[in-house]
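Next input, structure requested:
(one chain, ligands or ions: 1)
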Amino acid sequence: MTPVRVDADESGVRGLMYRASITRTMPPTEEVVCTDEDCFLDLFETHYTYDVPDGFDVTALSCPVCGGTDCLEPVDL
Ligand SMILES: [Zn+2]
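As a prediction, the model looks like this:
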């Protein structure tokens, strides 16, 4: 009986850790397109850490290819 009980406890802990890891991946991931017609970048994806400020958005970014800032638009997934 004891080994069964230990297994159940372990899976319970693993379940809690799994849920915690899902919660930790919650910070926003965005896909951003560059709309500059002379730019060959289609889209890129941004991954933020927990340190991302509230209200941060793509207007604070610049295109990694053309360097433009007005040409970036977030994609609604
Ligand atoms: Zn661009």
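
Give me the helix or strand of the protein that scores worst on average pLDDT.
Counting by mean pLDDT, DSSP states H and E, the weakest-scoring helix or strand in the chain turns out to be helix 2-24, with a mean of 57.

Provide the contact partners of the next helix or strand after that one at residue level.
Sequence order places strand 29-34 as the next helix or strand after helix 2-24, per DSSP states H and E. Defining contact as C-beta atoms under 8 Å, 6 or more residues apart in numbering, one finds that strand 29-34 is touched by 41-48, 58, 61, 63, 65-66, 68, 71-75, 77. Where C-beta positions appear, they are placed from N, C-alpha and C, glycine not excepted.

Also stretch 44-54?
Stretch 44-54 has contacts (C-beta under 8 Å, 6+ apart) with P27, P28, T29, E30, E31, V32, C34, F56, V58, L61, P64.

Likewise for stretch 67-77?
The contact list for stretch 67-77 (C-beta under 8 Å, 6+ apart) reads 30-36, 39, 43, 57-59, 61-63.

repeat that with 10 Å
28-39, 41, 43-46, 57-66 (C-beta atoms under 10 Å, 6 or more residues apart in numbering).

That concludes my questions; thank you for your assistance.
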